[in-house]
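Colleague: Starting from these lines, generate the structure:
(one chain, ligands or ions: 1)
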Amino acid sequence: MDIPFTKMHGLGNNYIYLDLFKVDLPEEILSDVAQKVSNVSTGVGSDGLILIHPSSIAPVGMRIFNKDGSEGKSCGNGLRCTAKYAYENGLVNEKKFQIETKAGIVDAVVEVSNGIVKNITINMGQPRLKRSIIPMVGEEQQQVVNETFMVDDKELKITAVSMGNPHAVFFVDHIQDAPLYELGEIIEKDARFPDGVNVEFVEVVNETELNFRVWERGSGVTQACGTGACAAVVAASLNNFIPKNKTITVHLQGGDLDIKWDEGGYIWMSGGADVIARGEYHYKS
Ligand SMILES: N[C@H](CCC[C@H](N)C(=O)O)C(=O)O
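Modeller: Below you'll find the predicted structure:
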């Protein structure tokens, strides 16, 4: 099956995007397509697969599948790329519009120059903080802020945040010392997270800057994670490392995102998105 695709990235967090306004794929092959197309040797190579699809509740919808074929519920970098694609390909004709995700509907605003989307701001909604919603085992109504979290014989301090997808945030003194490869996969698959978890290590540079690295559920280390950057700002604020309602610059491996947790409790994410290539993927089941 030959499938037209667009490869796009947000700060190096790259996905293969399929436009389901133009192609139709059976639900049962999506996970297999995600695994195969993401393979850098035998596929196109990416952090996963994103579907831009018709929606009955918004002008456009977005679904994300990780490199391992698992489906996530939201994707910050993916939402910025989806907004860019939707505007530049005429799926929407306003600069402000909504996008449906499995984590709920988000509001997008695109900044355009000569018909090209240069920057995208997304209202990512409100963070979910109760253990039962993260989800994380333990007292259901509790939040998880600066809690002791033992991994083998290592004592870590965890703050857990959901942006519709689960994030485990750990603060470190120096980002270059973050145990991304030693602990990323262990924590991702820890039984205390029934659905698995995205794992972020964060260094507080000052009260308006964070350094950030991520091990993603289902994809491993990526250059950037938009929902993770939102979770990092929420966690830093909950720990009183940074103020609320101020724009925080998050320095990710692939570049910077501006994030604000506003007085209404909404998280705003602003950053770029780029097209890498267009082509035709020869999928074999
Ligand atoms: N890279 C994405 C997050 C993917 C999340 C996915 N790994 C999961 O929740 O399973 C982002 O920019 O927000």
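
Colleague: Alongside the ligand, which residues does the stretch 1-150 of the chain contribute?
Modeller: Residues of the stretch 1-150 of the chain lying near the ligand by C-beta under 6 Å from any ligand atom: 13, 66, 72, 75, 76, 77, 78. All C-beta atoms are positioned from the backbone trio N, CA, C, and that covers glycine.

Colleague: Would you map the helices across the stretch 51-200 of the chain?
Modeller: Taking DSSP state H, counting those that start in this stretch as the criterion, the stretch 51-200 of the chain carries its helices at 76-88, 180-188.

Colleague: Next one, pLDDT for the residue sitting furthest away from the middle of the chain please.
Modeller: Outermost residue of the chain with respect to the C-alpha centroid, by C-alpha atoms, centre = their mean, is residue 153; its distance is 30.0 Å. On pLDDT, residue 153 comes in at 94.

Colleague: Farthest-apart pair in the residues of the stretch 1-150 of the chain next to the ligand, please.
Modeller: Largest separation among these by C-beta to C-beta: 66 and 76, giving 14.2 Å.

Colleague: So these two - more neighbours on which side?
Modeller: More crowded of residue 66 and residue 76, by other C-beta atoms under 10 Å: residue 76, with 28 against 25.

Colleague: Would you mind measuring from that one to residue 58?
Modeller: 17 Å (C-beta to C-beta, to the nearest Å).

Colleague: again with residue 121
Modeller: Relative to residue 58, and taking C-beta to C-beta, residue 121 is found at 17 Å.

Colleague: Could you do residue 272 as well?
Modeller: Residue 272 sits 22 Å away from residue 58, going by C-beta to C-beta.

Colleague: Please apply the same query to residue 153.
Modeller: Applying C-beta to C-beta, the value for residue 153 to residue 58 is 48 Å.

Colleague: now residue 268
Modeller: 18 Å.

Colleague: Quick check: chain neighbours aside, which residue is closest to residue 142?
Modeller: Excluding the flanking residues, the one nearest residue 142 by C-beta to C-beta, 6 or more residues apart in numbering is residue 131, at 5.2 Å.

Colleague: Does residue 190 touch residue 151 like I think?
Modeller: Yes. Taking contacts as C-beta atoms under 8 Å, residue 190 lies within contact range of residue 151: 7.5 Å.
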